[in-house]
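Asks: Could you look at this predicted model? Sequence included:
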Amino acid sequence: MAIQYPPRERLANVPTPLQPLNRITEKYSTPYGGPQLWIKRDDLTESAMSGNKLRKLEFIVAEAKALGCDTLITCGGEQSNHCRATALAAAKTGLRAHLILRGKALFGSDELPADGNLLVDHLAGAAVSVYPLREYVEQLPALFEYWAEHYRQLGGKALCIPTGGSDGLGIWGYIKCAEEVLADCAALNFVPEHLVCASGSGGTQAGLTLGCQLLGVASAVTGYAVCDDADYFVNKIVADVADWRQRYGQTFGFDKSKIQVTDSFIGPGYALAGPEIYRTIAEAAQLEGILLDPVYTGKAFHGLLEDVRNGKYRGSNHLVFVHTGGQFGVFPHRAEFMQYLDGL
């Protein structure tokens, strides 16, 4: 079916490249009867490597402008890729950004200096409010309302964006990506049996899953959870699709049974990684020149390689890993990398 998209602010350099991972395929997939591995380079969407978040923000920024908003308020962890991308997208389009972060770091603090994404947030001119974990979790809706009211009192208007830009609006970004990656594959004369991504807020997987169904292809979409369990992501994807249907009057019959989530590789918790993740990231860099991150893509890619070796994808011909970006998240983990890379 022909997909009718809502207004979109052009921010990303798309289409992003689709590249074969020949050396990793030879080492990890071919010996186990697995597929040719490919990578969709959504880390190259532009705006300081804003990755998958930029596709969602194209539709979010267009909505903000249509509603007469002058400020984007969003939330996430101290090293949130989405918050950094929002700060940069706001700067590029003449909007203000206000980031509600959970963590401890303060810009310029000698004890906990801003690093990685947090540093970029400040460089982009975003207002940053950092809250302790418990206050953030228990009061997030109230914090959104507080800051939205703050900008109303200043005569402005804010659009509040959920974690990861993942809702019925942001989902459009990865519906469009599903269409793009399938066109990439068609140009190379194949249909991928599998599309794989990291799932952190669920929006990327929701868009890819819905997009494949809208386009009538049998490609299975699997999300590798980096936090929360499989049931959480299934419910989140169902909720995002329901929000999409309600917002845009869609009657498409989404098949919930096709949502596939693997939650076996989360490790110690969100933004926490074990030595196997750091080693996988290093190996991807050394074999393919691809840089992954310890929070999202490194965990998902490690899980994918483990499942390939265990025969999960045996008999498939082609698998595409969607690289959702996040390289700035590497740098706050410098000590762990140096600890675990000896002997590689």
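Replies: Done, it's in. Numbering: from 1, shown residues only.
Asks: Only C-alpha atoms from now on, for both contacts and neighbour counts.
Replies: Will do.
Asks: Would you state the helices of the stretch 1-150 of the chain in chain order?
Replies: Residue ranges of the helices in the stretch 1-150 of the chain, as given by DSSP state H, counting those that start in this stretch, are 22-24, 51-66, 81-93, 116-123, 133-153.
Asks: I'd like to check the angle between the third one and helix 116-123, please.
Replies: Using axes from the mean of the first three to the mean of the last three C-alpha atoms, to 10 degrees, one finds that helix 81-93 and helix 116-123 are set 30 degrees apart in direction.
Asks: Of the helices of the stretch 1-150 of the chain, give the one that comes closest to residue 164.
Replies: helix 81-93 (5.3 Å; C-alpha to C-alpha).
Asks: now the angle from the closest one to helix 51-66?
Replies: Using the same axes, to 10 degrees: helix 81-93 against helix 51-66 is 50 degrees.
Asks: For helix 81-93, which residues meet the burial criterion?
Replies: 81-90 (16 or more other C-alpha atoms under 10 Å).
Asks: With stretch 12-28 instead?
Replies: 12, 15-16, 18, 20-21, 24-25, 28.
Asks: Now tabulate those residues in TSV and tack on pLDDT and distance to residue 228.
Replies: Shown next, in TSV, are the buried residues of stretch 12-28 (pLDDT from 0 to 100; distance: C-alpha to C-alpha, whole Å):
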residue	pLDDT	distance to residue 228
12	95	29
15	97	31
16	97	29
18	98	29
20	98	30
21	98	29
24	98	28
25	98	29
28	96	27
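Asks: about what we covered before: make CSV out of the buried residues of helix 81-93 and add pLDDT.
Replies: Listed next are the buried residues of helix 81-93 as CSV, based on pLDDT from 0 to 100:
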residue, pLDDT
81, 88
82, 93
83, 95
84, 93
85, 94
86, 96
87, 96
88, 95
89, 95
90, 97
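Asks: Out of these, which is nearest to residue 337?
Replies: residue 81 (19.6 Å).
Asks: related to what we said a few turns ago, per-stretch mean pLDDT over the helices of the stretch 1-150 of the chain, give me the minimum one.
Replies: Least confidently modelled of these is helix 116-123, at a mean of 90 by mean pLDDT.
Asks: helices or strands next to it in the packing?
Replies: Applying 3 or more C-alpha pairs under 8 Å, 6 or more residues apart in numbering; DSSP states H and E, we find helix 116-123 packed against helix 81-93.
Asks: how far does the helix it packs on sit from the chain's center?
Replies: Centroid displacement of helix 81-93 relative to its chain, using C-alpha atoms, centre = their mean, to the nearest Å, is 14 Å.
Asks: Next step: the buried residues of stretch 12-28 restricted to strands.
Replies: 18, 20 (DSSP state E).
Asks: Any chance you could list what contacts the helix or strand of the chain with the lowest mean pLDDT?
Replies: Of all the helices and strands that make up the chain, helix 334-340 has the lowest average by mean pLDDT, DSSP states H and E, namely a mean of 78. Residues outside helix 334-340 that contact it (C-alpha atoms under 8 Å, 6 or more residues apart in numbering): 275, 278-279.
Asks: which residues in this protein form strands?
Replies: Counting by DSSP E, the strands of the chain are 18-20, 36-41, 71-77, 96-102, 127-131, 158-160, 194-199, 220-225, 260-262, 318-323.
Asks: can I get those strands in CSV with distance to residue 119?
Replies: Formatted as CSV, those follow (distance: least, C-alpha to C-alpha, whole Å):
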stretch, distance to residue 119
strand 18-20, 30
strand 36-41, 24
strand 71-77, 13
strand 96-102, 13
strand 127-131, 11
strand 158-160, 22
strand 194-199, 24
strand 220-225, 26
strand 260-262, 32
strand 318-323, 23
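Asks: closest to residue 268 out of those?
Replies: Per C-alpha to C-alpha, nearest to residue 268 of those: strand 220-225, 12.5 Å.
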